[in-house]
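Visitor: For reference, the sequence and a predicted model appear below.
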Amino acid sequence: MIRLYGYPISNYSNKVKLFLLEKGLDFEEIRIPYSQDEEFLKKSPMGKIPFLETDGRYLFESGPIIQWIEDSFPESKKLFPQDPFEAAFVRSMIVIIENYVDLPARKIYTPGLQRKPVSEETILEAKRELERGTAALARIVRFSPFIAGSEMTAADCAAFATLPLVIDNVSEWLSPCPVENLPGLKQYLEMMNSLPGPAKVEKARTTIMKALRRSKK
């Protein structure tokens, strides 16, 4: 049995969860926040989520986790293209999404969600970086109808787990969020939300976020 340890407001947890759902694999989801507890660190050495348990062993970091899943279950739905160039292209898209869209947004929403002050300088810096990252993403997205082509791939798992979260979480400081200007994004997210796996992931995320925001008022 695969056990996925994570939390519904973590885009990296949701990336792996959606990957598993789309592969049609049985797994147990264990909701747990990140921790620096010593027992936790034995399973995830940086104290981050997600991490995955299989046969008493643990894998950490979402990229290696989804690659292990893809390699270990060859009979399931392929989420990396067979063509080596296209597979590398999918991985490149994930890097753009996570390094150049999500990371700049975290400069705002990580302290913001903790009710810590966010300086105007930080907001402007994040805005510039988000605009640059969104422009880079605009150059490579295909939306035909999926982000990398006609079939769902791991890039969709990363995009759908990350882009709505970024928009929601930075909108208090940046409105509109630069990511909203990505051509074709609105229709893409509507299409993804019409599918059972993505809809399940997004419902869990938004439910938890609404509860957290109510508790902080």
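Guide: Okay, I see it.
Visitor: Would you quantify the distance from Tyr109 to Leu212?
Guide: Per C-beta to C-beta, to the nearest Å, Tyr109 is found 12 Å from Leu212. For glycine as for every other residue, the C-beta is placed from the backbone atoms N, C-alpha and C.
Visitor: of these two, who's got more company?
Guide: Tyr109 (21 against 11; other C-beta atoms under 10 Å).
Visitor: separation between that one and Asp55?
Guide: For Tyr109 relative to Asp55 (C-beta to C-beta), the value is 36 Å.
Visitor: same question, Lys203
Guide: From Lys203 to Asp55 the distance is 31 Å (C-beta to C-beta).
Visitor: how close does Lys48 sit to Tyr34?
Guide: Going from Lys48 to Tyr34 by C-beta to C-beta gives 5 Å.
Visitor: Can you get me a residue count around Ala154?
Guide: Ala154 has 28 neighbouring residues, counting by other C-beta under 10 Å.
Visitor: what about the residue nearest to Glu129 when sequence neighbours are not counted, which helix or strand?
Guide: Leaving aside its sequence neighbours, Glu129 sits nearest to Pro104 (C-beta to C-beta, 6 or more residues apart in numbering; 3.5 Å). Secondary structure assignment for Pro104, by DSSP states H and E: helix 103-113.
Visitor: What residues of that helix count as buried?
Guide: Pro104, Ala105, Arg106, Lys107, Ile108, Tyr109, Gly112, Leu113 (16 or more other C-beta atoms under 10 Å).
Visitor: which residues in this protein form helices?
Guide: With DSSP state H, the ranges of helices along the chain come out as 11-23, 38-41, 62-72, 84-97, 103-113, 120-140, 154-170, 185-193, 196-216.
Visitor: Could I get these in a markdown table, plus columns for mean pLDDT and distance to Leu4?
Guide: As requested, the helices of the chain are exported to a markdown table (pLDDT from 0 to 100; distance: least, C-beta to C-beta, whole Å):
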| stretch | mean pLDDT | distance to Leu4 |
| --- | --- | --- |
| helix 11-23 | 99 | 6 |
| helix 38-41 | 97 | 15 |
| helix 62-72 | 99 | 8 |
| helix 84-97 | 98 | 18 |
| helix 103-113 | 89 | 22 |
| helix 120-140 | 97 | 27 |
| helix 154-170 | 98 | 13 |
| helix 185-193 | 98 | 20 |
| helix 196-216 | 90 | 12 |
